[in-house]
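> Curious how this folds, go ahead:
(one chain, ligands or ions: 1)
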Amino acid sequence: MNILMFHLNPIRPTFSLGLAQLSAVLSQKGHKCSFFPVFKGNLSNVLSIVQKTAPNLILISLHSDSLILCKELMEMLCGTKIPIVLGGIHPTIAPEECITLAGVYALCRGEGEDPLIDLVAAMESGQDPTGIENVWVKKDQKIYRNPLRPLHRCLDEFPFPDYTIFREFFNFEIIPVILSRGCPFDCSYCCNHTLKKLYGAKNYLRRHSVNYSIENIEQALKVFPLSSEIEFFDDTFILDKAWLKDFLSKFSQFGIPFSCNARFDLLDEDTIEALSSAGCVRINAAIESGNFRLRSDVLKREMSDDTIIEKSRLIKKHGIRLFTHNMIGIPGETEEDILKTIQLNRTIQADSLHLSICAPYPSTDLRFLCEKNGWLEKQGKHTDSFCDFSIIGTPYIDRRKVNYYFLAFHSILYDRGLTLIIKKTAFWVMHLGDNRLYRWLRSVRFFTTWKWQRIRAWLNLGKFRNQDITV
Ligand code: B12
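Residues are numbered from 1 along each chain as shown. Coordinates of the predicted model:
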């Protein structure tokens, strides 16, 4: 079959390691896969891509932030009569919302490799596709909702993700890699506890063997030989210390810097030192809130300020840059709490950070908390938007204040003097306009950065790694 894959992100073109994995298993079965990263700025190109590739099947991968974009895309595709299958985290946790979208032929919940192979085989051979585990299918005006199959026990049985599908669109200076699935923690805003409820906690966390992981990286580097860094996206990269030690000792052969996610409370000096010696240049760790009560009671991340401060000191001591994840608009949060989050980042001297507006994703404990208290925006036009607007309204803070701090957070933390005053004033004016100007500027910025990356790829610019991989 000729299969076209779309990954959706309203804001910018984004890779999908999930689709790379699916492309690998489908290619193994002789199917031809191509990929296109859809965002608002290139939605109008989609039909010409479909005409050019002439697929027999379209796969769409989506997170909850992309439902509106998905609806728009489906409207564009409905005239093509090509079967469309949805998958990814949103169809997994909110399947009813997805299967009822006009034009959807089927959706896949949970891990896609085995169900997709079964579905494609059934479609090709004309067999009945209505009884495949993980797959919900629409047929003769009926919806067949099949149960989940158990998680695939041994991840090493899968082929290496197919990075070639990204080559046309991304010139990864930093290659994204993921070597495990699952997480043992239950942060209330994250999808992991939701998936654990679906699948059962047993065997939920699985990791590739060290040998598979090393070979996976080798393959990725062959596809992107100019990449100068690796980013490990695993939720729990540093959890299994024995695995980590073995992995780092073998990874060092690449002589390539990397960054990874880590929880402050799991870090100890030995681990930080080992990471640093193996080439770790940045640790991404979540603070989320500067208020301990919100962190532990609302977000279910029991971690003291002292732990965060002490571990940050150690990270810096070993010459690793610190990137933090933060949220504002958390239920129960006040303006003072937001300022505490800024202050905590200042105390630990975060080198850079990511800020999100707290998003109560479907089926998470955080969502249930908001629903129970009537804190979700009911009538507003942004109810389905998980990107730039706060959809949580509590008596503790005006939602527009949250939007203002979303714009001003970085400036308050990093800017000084006149720059700070000018930016704060501009953000204040912009937030009154419902963020529209800001969102437009952001889209332009992402678009130009992306184009610039492609020009660099075309000109063959980019740093060579200090060691080449033997092919
Ligand atoms: C890597 C990652 C990113 C990367 C790449 C994202 C991407 N495009 O895949 C980056 C940094 C860009 C990113 C950005 C964001 N992310 Co993110 N990210 C992750 C992370 C850590 C791993 C995802 C991954 O690669 N998993 C490994 C692959 C193999 O699994 P997979 O993607 O789930 O795919 C499998 C199945 O879902 C299925 N499948 C997937 N697509 C399809 C399609 C079809 C047709 C079929 C049949 C099957 C199928 O088959 C695959 C193989 O089994 C997850 C957390 C997690 N542990 O899953 C969060 C996660 C997906 N991200 C999340 C969020 C919130 C975001 C952002 C909105 C953050 C922000 N505020 O900007 C953006 C959204 C970007 C977007 N729309 O793409 C949430 C999503 C929650 C939700 N309900 O939507 C997650 C679940 C983390 C969380 N807090 O719960 N993210």
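> switch to C-alpha atoms for all contacts and neighbour counts from now on
Will do.
> Give me the domain ranges for the protein.
Per automatic domain parsing, the structural domains of the chain span 2-145, 171-456.
> Is it possible to get CSV of those that adds mean pLDDT and distance to the ligand?
Shown next, in CSV, are the domains of the chain (pLDDT from 0 to 100; distance: least, C-alpha to the nearest ligand atom, whole Å):
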stretch, mean pLDDT, distance to the ligand
domain 2-145, 95, 3
domain 171-456, 88, 4
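> Reformat those as JSON lines; add mean neighbour count.
Shown next, in JSON lines, are these (neighbours: other C-alpha atoms under 10 Å):
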{"stretch": "domain 2-145", "mean neighbour count": "19"}
{"stretch": "domain 171-456", "mean neighbour count": "18"}
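> As CSV, the ones you listed with distance to D156 would be great.
Formatted as CSV, the domains of the chain follow (distance: least, C-alpha to C-alpha, whole Å):
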stretch, distance to D156
domain 2-145, 12
domain 171-456, 6
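> out of these, nearest to F160?
With C-alpha to C-alpha, the closest approach to F160 among the domains of the chain belongs to domain 171-456: 5.7 Å.
> in what helix or strand does H354 lie?
Taking DSSP states H and E as the criterion, H354 maps to strand 352-357.
> Now stretch 156-164: average pLDDT?
Here stretch 156-164 scores 97 as its mean pLDDT.
> Packing partners of the strand holding H354?
Counting contacts by 3 or more C-alpha pairs under 8 Å, 6 or more residues apart in numbering; DSSP states H and E, strand 352-357 is packed against strand 321-328, helix 399-414.
> and the shortest one, how far out from the chain's middle?
In this view, strand 321-328 has its centroid 15 Å away from the chain centroid, taken as C-alpha atoms, centre = their mean, to the nearest Å.
> Quick check: can you name the pairing partners of it and their directions?
If you go by DSSP bridges, strand 321-328 pairs up with strand 280-288 (parallel), strand 352-357 (parallel).
> Give me the residues contacting the next helix-or-strand element following that strand.
Later in the chain than strand 321-328, the nearest helix or strand by DSSP H and E is helix 335-347. Identification of contacts with helix 335-347 by C-alpha atoms under 8 Å, 6 or more residues apart in numbering yields 288-291, 309, 324, 326, 328, 397, 401, 405, 409, 412-413.
> Check stretch 1-8 too.
Counting by C-alpha under 8 Å, 6+ apart, 14-16, 19, 30-39, 50, 53-63, 66, 69-70, 124 sit against stretch 1-8.
> Which stretches in the stretch 151-300 of the chain count as helices?
With DSSP state H, counting those that start in this stretch, the ranges of helices along the stretch 151-300 of the chain come out as 192-199, 210-223, 241-251, 269-277, 292-293.
> Make JSON lines out of the strands paired with strand 321-328 and add distance to L195.
Listed next are the strands paired with strand 321-328 as JSON lines, based on distance: least, C-alpha to C-alpha, whole Å:
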{"stretch": "strand 280-288", "distance to L195": "20"}
{"stretch": "strand 352-357", "distance to L195": "22"}
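> Nearest to K138, out of those?
strand 352-357 (35.2 Å).
> Could you quantify the relative orientation of that closest one and helix 399-414 as an angle?
180 degrees (axes from the mean of the first three to the mean of the last three C-alpha atoms, to 10 degrees).
> How about exporting strand 352-357 as PDB, limited to the C-alpha atoms?
Extracted in PDB, the C-alpha atoms of strand 352-357 (Å, rounded to 0.1, in the frame of the first residue of the first chain):
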ATOM      1  CA  SER A 352      16.400  28.400  29.600                       C
ATOM      2  CA  LEU A 353      12.900  27.200  30.100                       C
ATOM      3  CA  HIS A 354       9.700  26.100  28.600                       C
ATOM      4  CA  LEU A 355       6.400  27.600  29.800                       C
ATOM      5  CA  SER A 356       3.000  26.100  29.300                       C
ATOM      6  CA  ILE A 357      -0.400  27.300  30.200                       C
END
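> Can you name the next helix or strand after that strand?
By DSSP H and E, the next helix or strand past strand 352-357 is helix 365-373.
> mind listing which of the contacts of stretch 1-8 are in helices?
L19, V50, T53, L69, C70, E124 (DSSP state H).
> Tell me who's in contact with T334.
The contact partners of T334, taken as C-alpha under 8 Å, 6+ apart, are Y396, I397.
> which residues does F264 contact?
A285, A286, M303, T307, I308, K311, S312.
> Rebuild these as TSV, extending it with distance to P147.
Below are the contacts of F264 laid out as TSV (distance: C-alpha to C-alpha, whole Å):
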residue	distance to P147
A285	35
A286	34
M303	37
T307	42
I308	41
K311	43
S312	44
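> Same list (these) but as CSV, adding secondary structure.
Shown next, in CSV, are the contacts of F264 (DSSP: H, G, I helix; E, B strand; the rest coil):
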residue, secondary structure
A285, strand
A286, strand
M303, coil
T307, helix
I308, helix
K311, helix
S312, helix
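> can you pull the contacts of P37?
Taking C-alpha under 8 Å, 6+ apart, one finds F6, H7, L8, N9, P13, T14, F15, F169 in contact with P37.
> partners of the helix or strand where the second one lies in the sheet?
In this structure, H7 is located in strand 2-8 according to DSSP H and E. Paired with strand 2-8 in the same sheet, following DSSP bridges, are strand 32-38 (parallel), strand 57-61 (parallel).
> ok, the closest residue to K250 other than its chain neighbours - contacts?
Using C-alpha to C-alpha, 6 or more residues apart in numbering and skipping residues adjacent in sequence, the residue nearest K250 is I214, 7.3 Å away. I214 makes contacts with F247, K250, F251, as judged by C-alpha under 8 Å, 6+ apart.
> Hmm, the first one is touching V210, no?
Yes - because the distance of 5.4 Å satisfies C-alpha atoms under 8 Å, F247 is recorded as touching V210.
> My guess is D235 contacts F185. True?
No - here D235 lies out of contact with F185, judged by C-alpha under 8 Å, at a distance of 9.6 Å.
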